[in-house]
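Undergrad: okay, here's the prediction I keep looking at, along with the sequence it came from:
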Amino acid sequence: MTRTAVVALVAILAWGCAGCRCSRNPHAAAQPALPASAAPSAGLPPSSGAEPADGADPWPELKWYGWIGDTSRSRPEPTDTVRHRFAHSLPGYRVFTDEPDSWSEWLRLLPLAAPGTPVRNYRGEIVVPGEDEYLAAVVAIDIGSENLQQSADVILRLHAEWRWYVNDLRMLYLSDTKAELPLARWFAGERLTTTGAEPRWIRQAAPKSKLDHADLRAYLDSVFAWSAGRALLGESVPLAPDNLEPGAFFLHAGPPAEVLVVLDVATSPAGKRAMLLAQALNPAESMHVLRPNRDSVWFPVRTDQPVRVPRAKPYGWKELRRLTPLRSRPEVECIGSLCPQGPPPAPSTAR
């Protein structure tokens, strides 16, 4: 499909949703239901610490994560969240504050597998035992059955899932050769070929009338197959340590490319900072939260020293970066079943 055709497709989709404003609250949008098998134990308290009322969902946050209801891939069962397990493990510190339903809040509410869950690779083999002293938790997210979602893809996977949550469907990521890989072409029935040095789109399916999370995962696997450290350099900018925030990441551009993701940042009244870190190395393996030692899950922020984590070379502070998505605001606010039902309101001239 030519660039002109892609633009035309986006325009058609926008016309079909003219005047609609998709709620950024996932509970108001069409979301896959959480299967009973994925529900966490009712005996666990919610993240607020209060006991849920009879019949209440103790973990409503799980509806924020599209892969929870996606049965196309296997994953560990979620039992609680990053915030519930770790937020109060650093007395006297205050975590990073942001707007409700923000990127940082979404990261600190990531669902976690049961304590003691090991890190496994894409073949199902144990890479890090569950009792390892440097393993804090495994994130309850799928990695697929192929060696595609490698270390550098972890930050793209999280960010794409965040954009899915806020209904920002105008996703466009890059290959290592800087070729553009837009979700719009996947929606139109095109697929990436795996021959040659450059990704090439060919029509292999009929255009879809709606997207579900399984479509997103298939699209992301095709992105992962063509992107690594060079692509991530092109989609990010350096970040000063003073501006450290959740969603930032350290990047060994490689090869092999490796990424260390900052899930949360906490600050003491005296100005000392600490960070919660996650990684997944190569070949593709479970995304997991790290700990510097058995006594803590928080890494002290010491900008005069490299960040040392298990199974990877130390990360320098000059390797700290943040994503700069090529499409930061969706021009198409909803597609197909994600649009509100009923006739659209009259178009507004306000901008």
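TA: Everything's here; your move.

Undergrad: for Arg273, list the residues it contacts.
TA: Leu244, Val265, Ala266, Thr267, Pro300, Val301 (C-beta atoms under 8 Å, 6 or more residues apart in numbering). C-beta here means a position set from N, CA and C on the backbone, and glycine is covered the same way.

Undergrad: what's opposite the fourth one in the beta bridge?
TA: What that stands for is Thr267. Bridge pairing for Thr267 (DSSP bridges) gives the partners Arg94, Arg273.

Undergrad: quickly note the distance from it to Trp201.
TA: In this view, Thr267 and Trp201 are 46 Å apart by C-beta to C-beta, to the nearest Å.

Undergrad: could you do the third one as well?
TA: Distance of Ala266 to Trp201, computed by C-beta to C-beta: 44 Å.

Undergrad: just the second one next, same as before
TA: The span separating Val265 from Trp201 equals 39 Å under the rule C-beta to C-beta.

Undergrad: do the fifth one as well
TA: Shown here: Pro300 relative to Trp201, a distance of 46 Å by C-beta to C-beta.

Undergrad: test my guess that Pro255 contacts Ala228.
TA: Yes: between Pro255 and Ala228 there is a contact under C-beta atoms under 8 Å: 7.2 Å.

Undergrad: between these two, who's got more neighbours?
TA: Ala228 (21 against 11; other C-beta atoms under 10 Å).

Undergrad: list the contacts for that one?
TA: Ala228 makes contact with Gln150, Ala152, Asp153, Asp176, Gly254, Pro255, Pro256, Ala257, according to C-beta under 8 Å, 6+ apart.

Undergrad: if we use 6 Å, what do you get?
TA: Contact analysis of Ala228 by C-beta atoms under 6 Å, 6 or more residues apart in numbering lists Ala152, Asp176, Ala257.

Undergrad: next: Gln204.
TA: For Gln204, the contact set (C-beta under 6 Å, 6+ apart) comprises Arg191.

Undergrad: the helices in the stretch 1-150 of the chain, which residues?
TA: Assigned by DSSP state H, counting those that start in this stretch, the stretch 1-150 of the chain shows helices spanning 3-16, 82-86, 103-108.

Undergrad: worst average pLDDT in those?
TA: Of all the helices of the stretch 1-150 of the chain, the minimum mean pLDDT falls on helix 3-16 (a mean of 40).

Undergrad: what is the burial count for the closest residue to Ser296 other than its chain neighbours?
TA: Leaving aside its sequence neighbours, Ser296 sits nearest to Ser89 (C-beta to C-beta, 6 or more residues apart in numbering; 7.1 Å). Counted with other C-beta under 10 Å, the neighbours of Ser89 add up to 15.

Undergrad: any low-confidence regions in the stretch 51-200 of the chain?
TA: Residue ranges of the stretch 51-200 of the chain with pLDDT under 70: 51-58.

Undergrad: mind running it again at 80?
TA: 51-60, 87, 98-101, 194-197 (pLDDT under 80).

Undergrad: centroid-nearest residue for the chain?
TA: In the chain, the C-alpha nearest the mean C-alpha coordinate belongs to Leu158, at 1.1 Å (C-alpha atoms, centre = their mean).

Undergrad: phi and psi next, for Pro310.
TA: Main-chain torsions, Pro310, degrees, to the nearest 10: phi -70, psi 150.

Undergrad: same thing with the one 10 residues further on?
TA: Geometry field for Leu320 lists phi and psi as phi -70, psi 130, criterion degrees, to the nearest 10.

Undergrad: which residues are in contact with the closest residue to it other than its chain neighbours?
TA: Nearest residue to Leu320, sequence neighbours excluded (C-beta to C-beta, 6+ apart): Leu239, at 4.8 Å. Contacts here follow C-beta under 6 Å, 6+ apart; on that basis Leu239 touches Ala248, Leu320, Arg321, Arg322.

Undergrad: turn those into a markdown table, columns for secondary structure.
TA: A markdown table is the format used below for the contacts of Leu239 (DSSP: H, G, I helix; E, B strand; the rest coil):
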| residue | secondary structure |
| --- | --- |
| Ala248 | coil |
| Leu320 | strand |
| Arg321 | strand |
| Arg322 | strand |
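
Undergrad: among the residues you listed, which pair sits farthest apart?
TA: Largest separation among the contacts of Leu239 by C-beta to C-beta: Leu320 and Arg322, giving 8.0 Å.

Undergrad: so between the two, which is more surrounded?
TA: Between Leu320 and Arg322, Leu320 has the larger neighbour count (other C-beta under 10 Å), namely 22 against 16.

Undergrad: now that one: how far from His84?
TA: Taking C-beta to C-beta, one finds Leu320 at 27 Å from His84.

Undergrad: next, count neighbours for Glu180.
TA: Neighbour count of Glu180, defined by other C-beta under 10 Å: 13.

Undergrad: beta partners for the residue lying closest to it once chain neighbours are set aside?
TA: In this structure, Glu180 finds its nearest non-sequential neighbour in Leu172, 5.7 Å apart by C-beta to C-beta, 6+ apart. Taking DSSP bridges as the rule, Leu172 bridges to Pro182.

Undergrad: I'd say Leu172 and Arg185 touch.
TA: No: if you go by C-beta atoms under 6 Å, Leu172 and Arg185 don't touch, sitting 9.5 Å apart.
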